[in-house]
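[1] can you look at this prediction? I've put the sequence above it.
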Amino acid sequence: MLYYCVLIQWLQKESLSANSIQCERCNADCHQGVREKTINSYMWRCKNHHKISIRRHSFFSRSHMHLQDMINFDIAYAEGQTLWKCSQAAGVGHGSTVFNWGSFCRDLFTEYYMRNVRDVKLSTRSRSMSCCSADSPSTTAVIHAA
């Protein structure tokens, strides 16, 4: 259980999970609490005892996989591993769950690219590079990065 506490704190620090949340039923502030019956042993609870998943408002919200399995899968996926290798890293069977999570990761990465990377222009600068061939003496070529 301590492992989940550390994992959840890391997810919150990295803005992958909410640091605070308000109850959607009564608008009261919620606090994090332990609940053994949940998949990750933690949940949000308001003063009126309404319970909300710790995964709410995160990209983990629709998955039934354990958090550490999803993180291990995501790391393998980001490293360009096959879905088979991702499933092995996550410790889950190679089936529809893996395909669904892989598709979800692809969609997230595509969305991130479209929002944050696609329109970024690299600065233009020149750099020199020496080129040699057996037939000619050393020459210098200028390469323009775009």
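    Received it, and whenever you're ready, just let me know what you need.

[2] mind telling me what element residue 32 is part of?
    strand 30-34 (DSSP states H and E).

[3] using PDB, write out every CA atom in that strand.
    Extracted in PDB, the C-alpha atoms of strand 30-34 (Å, rounded to 0.1, in the frame of the first residue of the first chain):
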ATOM      1  CA  CYS A  30     -12.300  16.200  -1.100                       C
ATOM      2  CA  HIS A  31      -9.400  14.600   0.700                       C
ATOM      3  CA  GLN A  32      -7.400  11.500  -0.300                       C
ATOM      4  CA  GLY A  33      -8.200   8.400   1.700                       C
ATOM      5  CA  VAL A  34      -7.400   4.800   1.800                       C
END
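
[4] and the longest helix belonging to the chain, what's buried?
    Taking DSSP state H as the criterion, the chain has its longest helix at helix 96-112. By neighbour count with 16 or more other C-beta atoms under 10 Å, helix 96-112 contains the buried residues 97-98, 101-102, 104-105. Every residue, glycine included, has its C-beta placed from N, CA and C.

[5] CSV for the residues you listed, including pLDDT and distance to residue 91?
    Listed next are the buried residues of helix 96-112 as CSV, based on pLDDT from 0 to 100; distance: C-beta to C-beta, whole Å:
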residue, pLDDT, distance to residue 91
97, 80, 12
98, 83, 11
101, 82, 13
102, 85, 15
104, 82, 18
105, 82, 17
